[in-house]
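S.K.: Sequence first, then the predicted structure:
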Amino acid sequence: MDSHLFLAYDYPVLGAFWTVMWIFLWVMWLLLLFRIIVDVFRDDRMNGWLKAAWLIFVLVVPFLGALTYVIVRGRGMGERELRHTREQKAAVDAYIRDAVGAGSSTDELARLSELKAKGDITEAEFQKAKEKILH
């Protein structure tokens, strides 16, 4: 057997733990950098030069840049994320209301026919309202 062949039992458990920990920290670091870069471009109160300066600072001196950014603008990151989430939710809700509103003509017609059956509206009023709904 070759003396350079490493088997699974030759790799210590603590070595596996350290490998997993470093991979985890590396992934977390990439997520933090991505979050900072997204936050820089999401902030509409910063001008282009300030965005470029933060971006260069975070990319050229990554650890110091990311730490400084989180210290200086960390609270605003959460507020901007919350505002963005609320805007997205409002857009989805508006889309759902529009989509449901387009199909609600049958509900309106059913309500009108109930009003006509009760005698609350006349046949002429029913026909006029029905034409409004259908057109």
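M.R.: Thanks, I have it. Residues are numbered from 1 along each chain as shown.
S.K.: So which elements touch the host helix or strand of Ala99?
M.R.: Secondary structure assignment for Ala99, by DSSP states H and E: helix 62-102. For helix 62-102, the packing partners by 3 or more C-beta pairs under 8 Å, 6 or more residues apart in numbering; DSSP states H and E come out as helix 13-42, helix 48-60. The way it works is simple: take the backbone N, C-alpha and C, and place the C-beta from them, glycine included.
S.K.: Report the distance from that helix to the chain centre.
M.R.: 7 Å (C-alpha atoms, centre = their mean, to the nearest Å).
S.K.: what's the helix or strand following that helix in contact with?
M.R.: The first helix or strand that comes after helix 62-102 along the chain, using DSSP H and E, is helix 105-118. If you take C-beta atoms under 8 Å, 6 or more residues apart in numbering as the criterion, helix 105-118 is touched by Ile121, Thr122, Glu123, Phe126, Ala129, Lys130, Ile133, Leu134.
S.K.: Tabulate the helices and strands packed on helix 62-102 (CSV), appending mean neighbour count, distance to Gly74 and mean pLDDT.
M.R.: As requested, these are exported to CSV (neighbours: other C-beta atoms under 10 Å; distance: least, C-beta to C-beta, whole Å; pLDDT from 0 to 100):
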stretch, mean neighbour count, distance to Gly74, mean pLDDT
helix 13-42, 12, 10, 91
helix 48-60, 13, 13, 94
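S.K.: Gly76: which of those is closest?
M.R.: Closest approach to Gly76 among the helices and strands packed on helix 62-102 (C-beta to C-beta): helix 13-42, 7.9 Å.
S.K.: what angle separates that closest one from helix 48-60?
M.R.: Interaxial angle, helix 13-42 versus helix 48-60 (axes from the mean of the first three to the mean of the last three C-alpha atoms, to 10 degrees): 170 degrees.
S.K.: which strands and helices sit next to helix 13-42?
M.R.: Where contact means 3+ C-beta pairs under 8 Å, 6+ apart, helix 13-42 is packed against helix 48-60, helix 62-102.
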